[in-house]
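Peer 1: This is the structure alone, sequence omitted:
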Ligand code: SF4
């Protein structure tokens with residue numbers, strides 16, 4: 001039997017999809033090359049915006065058309081956060097909680113199981129581990145934290161992921177060792193609110209980084225998306241002490257205006273964020289700071305938006321992801337009376353995106369001429385030319401065109417001279 005997983009959303013979803021694929025391979029299923037060849041098509045969905053749910057619906061519909069014989073399975077944040085929704089095209093639905101039901105369904109239990117198995121989260125739920133794996137064996141996404149207790153007023157995630165919980169230290173040791181033995185060179189630690197890792201187990205985040213870095217063969221350790229409020233001096237200095245730590249900081253900003261941050265229930269001010277950015281740059285001079293910004297949050301005035309524009313321009317991000325505010329049923333902000341009209345949200349998103357593109361181009365242009373270390377993660381082909389794709393320590397994507405076409409570089413860290421950039425990535429030779 002063959003399966004194909006399609007993943008939407010964040011790096012936690014990517015980590016979980018890779019774990020799910022591994023669990024299926026261990027049960028003697030093989031990964032199909034395309035959706036048309038699969039017996040089971042699995043959509044691992046996201047619910048962070050209305051647009052994410054629309055994409056999942058569209059994907060289910062198109063998969064049903066392309067391969068009507070396959071069993072279509074929906075999992076992830078969408079059904080977990082909105083269990084009452086219609087999931088018309090899916091034969092079987094689970095949330096983020098009981099992935100075992102998905103495995104049971106695939107392992108021939110289809111006839112005996114209901115078409116929906118969505119279990120709500122409860123306080124005290126344990127951290128669930130899906131052993132991470134990837135067939136390219138270069139860069140592993142390891143989920144070490146799940147859930148969130150923050151309840152930002154716009155965010156559905158605490159409903160889709162439950163309360164904060166961390167991978168226990170002994171399991172982290174075992175997973176890091178297993179990934180190193182499997183040949184992975186880089187480990188990316190991910191979580192829903194990674195800064196809160198260890199608040200339940202007592203293990204500091206920097207220690208999780210060191211545990212991974214101590215594994216023979218692991219050359220790099222990176223952190224996924226972070227919330228700003230827990231990145232204190234002690235954590236940053238402990239990270240800086242780890243030579244294999246890659247200085248890429250994706251710190252969600254969401255707004256550069258204090259009034260809006262407060263209404264979002266974010267627990268920092270623009271000035272505190274600015275101070276944190278400065279601290280990161282002084283401790284990690286070769287770091288890149290990337291972020292997410294929501295525009296058109298309820299009550300955001302033109303002046304508030306201008307404040308965010310200025311903040312983004314001044315902070316010198318390497319990349320900015322722009323999201324027009326999307327009301328999520330069940331969140332406080334969806335009930336705020338002063339919703340911003342769609343046309344205003346679109347106009348603000350366009351203006352901030354134009355600035356973000358400009359910022360990105362500056363970041364890429366600033367790297368031309370430098371020699372950087374890149375882990376060759378994937379071999380690809382472009383116009384009959386072979387190239388590798390990988391990331392710099394600060395997280396910038398690079399296409400590497402080797403001088404010697406015969407040389408196998410996959411899974412090696414190589415020195416690349418950056419010659420230019422195209423779209424969203426650097427190009428270079430080695
Ligand atoms: S910190 Fe806020 S935005 Fe991030 S997952 Fe938690 S509730 Fe959502």
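Peer 2: Received, thanks. Here the structure is a predicted model, which is why all the values come from computation and not from measurement.

Peer 1: who does the longest strand anywhere in the chain touch, helix- and strand-wise?
Peer 2: The longest strand of the chain (DSSP state E) is strand 371-382. Secondary-structure packing of strand 371-382 (3 or more CB pairs under 8 Å, 6 or more residues apart in numbering; DSSP states H and E): strand 385-391, strand 397-401, strand 413-422. For every residue, glycine as well, the C-beta is placed using N, CA and C.

Peer 1: how about those, which one is nearest the ligand?
Peer 2: Closest to the ligand of the helices and strands packed on strand 371-382, according to CB to the nearest ligand atom: strand 385-391, at 23.5 Å.

Peer 1: Direction included, what does that closest one pair up with?
Peer 2: Paired strands of strand 385-391, with direction, are strand 371-382 (antiparallel), strand 397-401 (antiparallel) (DSSP bridges).

Peer 1: Could you tell me the least trusted of those?
Peer 2: Looking over those, mean pLDDT reaches its minimum on strand 371-382, with a mean of 91.

Peer 1: Quick one: distance of it to the chain centre.
Peer 2: Chain-centre distance of strand 371-382: 20 Å, with CA atoms, centre = their mean, to the nearest Å.

Peer 1: buried set for it?
Peer 2: 372-377 (16 or more other CB atoms under 10 Å).

Peer 1: same deal with stretch 182-196?
Peer 2: 184-196.

Peer 1: ok, now stretch 298-305?
Peer 2: So, applying 16+ other CB under 10 Å, buried residues of stretch 298-305: 298, 300, 304-305.

Peer 1: residues in the protein within reach of the ligand, list them.
Peer 2: The interface of the chain toward the ligand, taken as CB under 6 Å from any ligand atom, is made up of 148, 150-152, 155, 157-158, 192-193, 227.

Peer 1: if we go to 5 Å?
Peer 2: Counting by CB under 5 Å from any ligand atom, the residues of the chain close to the ligand are 148, 150, 152, 155, 157, 193, 227.

Peer 1: Among those, which are located in helices?
Peer 2: Counted as lying in helices by DSSP state H, out of the residues of the chain next to the ligand, are residue 157.

Peer 1: and the residues of the chain next to the ligand as JSON lines, adding distance to residue 338 and pLDDT?
Peer 2: As requested, the residues of the chain next to the ligand are exported to JSON lines (distance: CB to CB, whole Å; pLDDT from 0 to 100):
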{"residue": "148", "distance to residue 338": "25", "pLDDT": "93"}
{"residue": "150", "distance to residue 338": "23", "pLDDT": "92"}
{"residue": "152", "distance to residue 338": "17", "pLDDT": "96"}
{"residue": "155", "distance to residue 338": "18", "pLDDT": "94"}
{"residue": "157", "distance to residue 338": "23", "pLDDT": "90"}
{"residue": "193", "distance to residue 338": "27", "pLDDT": "93"}
{"residue": "227", "distance to residue 338": "25", "pLDDT": "92"}
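
Peer 1: would JSON lines of the residues of the chain next to the ligand with distance to residue 417 be doable?
Peer 2: Shown next, in JSON lines, are the residues of the chain next to the ligand (distance: CB to CB, whole Å):
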{"residue": "148", "distance to residue 417": "42"}
{"residue": "150", "distance to residue 417": "43"}
{"residue": "152", "distance to residue 417": "42"}
{"residue": "155", "distance to residue 417": "42"}
{"residue": "157", "distance to residue 417": "41"}
{"residue": "193", "distance to residue 417": "38"}
{"residue": "227", "distance to residue 417": "36"}
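
Peer 1: And the residue of the stretch 251-400 of the chain that's closest to the ligand?
Peer 2: Residue nearest to the ligand within the stretch 251-400 of the chain (CB to the nearest ligand atom): residue 252, separated by 6.5 Å.

Peer 1: What sits closest to that residue if chain neighbours are left out?
Peer 2: Leaving aside its sequence neighbours, residue 252 sits nearest to residue 292 (CB to CB, 6 or more residues apart in numbering; 4.8 Å).

Peer 1: neighbours around the one you found, how many?
Peer 2: 16 (other CB atoms under 10 Å).

Peer 1: same question, the one 4 residues further on
Peer 2: One way to gauge burial is a neighbour count; for residue 296, by other CB under 10 Å, it gives 22.

Peer 1: ok, it touching residue 349?
Peer 2: Yes - between residue 296 and residue 349 there is a contact under CB atoms under 8 Å: 7.2 Å.

Peer 1: Residue 209 falls within a strand, correct?
Peer 2: No - under the criterion used here (DSSP: H, G, I helix; E, B strand; the rest coil), residue 209 is helix, not part of a strand.
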